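>>> Compute the structure for the input listed below.
(chains A, B, C and D)
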Protein chains: 2
Amino acid sequence: MKGIRQLAEHLDISIGTVSRALNGKPDVNEETRRRVLAAAEEFGYVANQSGRSLRQGETKVIGLMIEASQEAVENADNFFLGVTSGLQHVFARHKLDLLMLPCPADEDPCEYLKRMVARRVVDAMIISNTQRIDRRIDLLSRAKIPFAAVGRSLSAGNYPWVDLDFEGVAERAVERLVARGHRRIAITAPSSEVNLGYVFVESYRRTLERHDIPFDPSLVIRVRSSEQGGYQAAHELLQLEDRPTAVILIYELMAIGLYRRLMEAGIRIGRDLAVIGFRDAPRARFLQPSLSCFRLSLYDLGIALGQMLLAHMPAYRAFYPDGGRNIIWPLELVPGESDVFEV
Amino acid sequence: MKGIRQLAEHLDISIGTVSRALNGKPDVNEETRRRVLAAAEEFGYVANQSGRSLRQGETKVIGLMIEASQEAVENADNFFLGVTSGLQHVFARHKLDLLMLPCPADEDPCEYLKRMVARRVVDAMIISNTQRIDRRIDLLSRAKIPFAAVGRSLSAGNYPWVDLDFEGVAERAVERLVARGHRRIAITAPSSEVNLGYVFVESYRRTLERHDIPFDPSLVIRVRSSEQGGYQAAHELLQLEDRPTAVILIYELMAIGLYRRLMEAGIRIGRDLAVIGFRDAPRARFLQPSLSCFRLSLYDLGIALGQMLLAHMPAYRAFYPDGGRNIIWPLELVPGESDVFEV
DNA sequence: CCTACAGTCGTAAACGTTTACGGGATGTGT
DNA sequence: ACACATCCCGTAAACGTTTACGACTGTAGG
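Got it, this is the predicted structure:
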């Protein structure tokens, strides 16, 4: 079966009618519609997507921009896969597909995105890892491409995003530690150009100051959010003269490296140093001693993100009347043994 | 910038020439080509992919079929993400994109695949989780859609695949345990309809019999390859009257559930029961006691898989002259403490 | 009998490319 | 002067759909 034309002449009907029949348009006799659907089923005819896309100007594909480097992917762990899974659950209902767009490490993400948008291969985009000032957001806004982002940014006024409540995490972590008598509390964070890194540390600082604890920049450790980063963070912690009694991690993978380095140094976690992590990935549950950390459901987040995107697309808006509002995603504290002692 | 037509009339050249200039065709003056490229750059013109696809009959998209259920995704962990990353590394060189095709849990995978193929939205497919008899393979072969699979199958004679060396894993695991005096060795595996499940157990059986240890079907525990499956496997182990002294896991996530159940039962891992796992995911490294397991690089596997696929596509064959041969992917044993005792 | 209208359907023009084909220059060798 | 090849470029036909438009029935209402 080549195309709609063959199907039409086999049925001795015009291709226009066949198309209308298949697409559920009203002005077609129910009897002929039945015949058309039966024949399509029989021959396994499905409309060629390129043809439709060209004519309709929409591709039924949602782009998902990701970082392509091996390191990024390995560290991202199943964060993205979890979100992706939720996204697909939403998109599948509308027969939308998800196209992964890995920006090569050596290319400017904005240029890459611009090319992909110009190719008109996606109807909408999901972006993540937003910078504090993110040109991709301006680009997409101007190009009028629907998009949703995981992570806030300062760019371009109003746009759909869902962001993890890092502010709350930092605040609650500090509160929890202060309540146990800690006053020298270190924190890890990515570069402050990444919005997350900025927000996280700012909230930490504010909470400290609310308790009359002066903010000490040397306690802010900027490392990569990876296992190696955790190792390095522990290393830097050990170098400090007035060593902190607690540390807040921004990413749970770091705990693994951090534990290792601290064990090498003979520091007893949960006794000599309190540790609070973030994101309850399965593996973090099996650290010894168990890691106190903040948990969320990536799958649910993906669903919310997908719905939010669709709520901003005219063709799907009706399905999600209240899906458009930005979300600060809450996290639940899972107490462990890594921060139980009092100082 | 709307399309090639506008670009052409701005340059006062025919669209045919513009197209040839952009696509590097030979019969165009170098001077005009320069002008065209400059103008395209200036206006940010990139050819509409639907138009090209329609005309050329190829979409520059590779499909990746995955299971869509939440459970599947969460258990799949970063296995798929790791492979995906390697795939993209290969595909990016040829400006190919990767489309995720999540088959809904309530739909027949083969029907789903057929629809996607008929839509002509992908040039080729990657499939995984192959069954011993897998209709998808026949379908793709007949439809003459290039594809590559992770996992062997009995279907359709010759097709490109890369498969993990489960045979070797089972053999070496048994050898290792037998050398330490074990004679009652349990093994976990998925259903034998999944080819992996069949091969794994067969190799286990052969190796046992080589050492004159009779094969005992009650020691083959068919559970899901998940954390819960591990828990359940431990549970079933404990029920056996003549309790085994060792167990071989097919998937490292299971170790987490298995450890937990065994600890609840007061069994000392590495003392009362030897455990050997598979696939050195980061989290498995942090089990106590550390898990002996078999490791591989998913990223490298993804690269090999991608190259293999391209080697089977006429348009890219030339780039990978020897990429077409099937691969049994080797695994490296990482010794841990979970199987150190002698019996 | 005329008009209006609803229900169907066919016709043909888009959508944005690529590419086979042919033709006008220009050069080159006899 | 002629044949012939080379280089460049324009023309127009595809690729497979969807959809605006108009046309043709039959029916109902006046």
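
>>> how about the helices in chain A?
Under the criterion DSSP state H, helices of chain A are mapped to A:4-11, A:15-22, A:30-43, A:49-56, A:70-76, A:79-93, A:109-118, A:135-143, A:166-179, A:195-210, A:227-239, A:252-264, A:298-311.

>>> Distance to DNA strand D, mean pLDDT and mean neighbour count added to these, as CSV?
C-betas here are computed from N, CA, C, even on glycine. Shown next, in CSV, are these (distance: least, CB to the nearest atom of the strand, whole Å; pLDDT from 0 to 100; neighbours: other CB atoms under 10 Å in any protein chain shown):
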stretch, distance to DNA strand D, mean pLDDT, mean neighbour count
helix A:4-11, 3, 94, 16
helix A:15-22, 3, 96, 19
helix A:30-43, 10, 95, 14
helix A:49-56, 3, 97, 18
helix A:70-76, 36, 58, 19
helix A:79-93, 19, 86, 23
helix A:109-118, 19, 94, 18
helix A:135-143, 22, 93, 18
helix A:166-179, 43, 94, 20
helix A:195-210, 39, 93, 20
helix A:227-239, 49, 92, 20
helix A:252-264, 46, 86, 22
helix A:298-311, 19, 94, 22
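
>>> can you tell which of these is closest to residue B:29?
For the helices of chain A, the distance to residue B:29 is smallest for helix A:109-118, at 25.6 Å, taking CB to CB.

>>> How about residues contacting the closest one?
Here helix A:109-118 makes contact (CB atoms under 8 Å, 6 or more residues apart in numbering or on different chains) with A:63, A:65, A:101, A:103-104, A:122, A:125, A:127, A:135-136, A:139-140, A:143, A:145, B:44-46.

>>> Now the buried members of those residues.
Among the contacts of helix A:109-118, the ones that count as buried by 16 or more other CB atoms under 10 Å in any protein chain shown are A:63, A:65, A:101, A:103, A:122, A:125, A:127, A:135-136, A:139-140, A:145, B:45-46.

>>> TSV for these, including distance to residue A:313?
Formatted as TSV, the buried ones among the contacts of helix A:109-118 follow (distance: CB to CB, whole Å):
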residue	distance to residue A:313
A:63	13
A:65	17
A:101	18
A:103	23
A:122	12
A:125	11
A:127	15
A:135	22
A:136	18
A:139	18
A:140	13
A:145	10
B:45	25
B:46	22
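
>>> Of those, just say which sits nearest to DNA strand D.
residue B:45 (16.3 Å; CB to the nearest atom of the strand).

>>> I figured that closest one hits residue B:10, correct?
No: using CB atoms under 8 Å, residue B:45 is not in contact with residue B:10, being 9.9 Å away.

>>> Alongside DNA strand C, which residues does the stretch 51-200 of chain A contribute?
A:51, A:54-55, A:57 (CB under 7 Å from any atom of the strand).

>>> do that again at 6 Å, thanks
Proximity of the stretch 51-200 of chain A to DNA strand C, by CB under 6 Å from any atom of the strand, involves residues A:54-55.

>>> residues contacting residue A:18?
A:4, A:7-8, A:11, A:36.

>>> What of residue A:320?
Counted by CB under 8 Å, 6+ apart, residue A:320 has contacts A:307-308, A:310-311.

>>> re the thing from before, any residues in contact with both of residue B:45 and residue B:10?
residue B:39.

>>> re the thing from before, among the contacts of helix A:109-118, which lie within strands?
A:63, A:65, A:101, A:103, A:125, A:127 (DSSP state E).

>>> which of those lies closest to chain B?
Nearest to chain B out of those is residue A:101 (CB to the nearest CB; 6.6 Å).

>>> Which residue is it, in the stretch 201-343 of chain A, that comes closest to DNA strand C?
Closest point on the stretch 201-343 of chain A to DNA strand C, by CB to the nearest atom of the strand, is residue A:315, at 17.5 Å.

>>> what's the burial count for the nearest residue to residue A:162 once chain neighbours are set aside?
Nearest-residue entry for residue A:162: residue A:327, 4.3 Å, with adjacent residues in sequence omitted and distances by CB to CB, 6 or more residues apart in numbering or on different chains. By the measure other CB atoms under 10 Å in any protein chain shown, the count of residues near residue A:327 is 17.

>>> got it, and the one 5 residues further on?
Neighbour count of residue A:332, defined by other CB under 10 Å: 10.

>>> thought it was touching residue A:295?
Yes: between residue A:332 and residue A:295 there is a contact under CB under 8 Å: 5.0 Å.

>>> Check the contacts of residue A:320 and tell me the two furthest apart.
A:308 and A:310 (7.4 Å).

>>> Now do the shared contacts for those two.
With CB under 8 Å, 6+ apart, residue A:308 and residue A:310 have common neighbours A:320, A:323.
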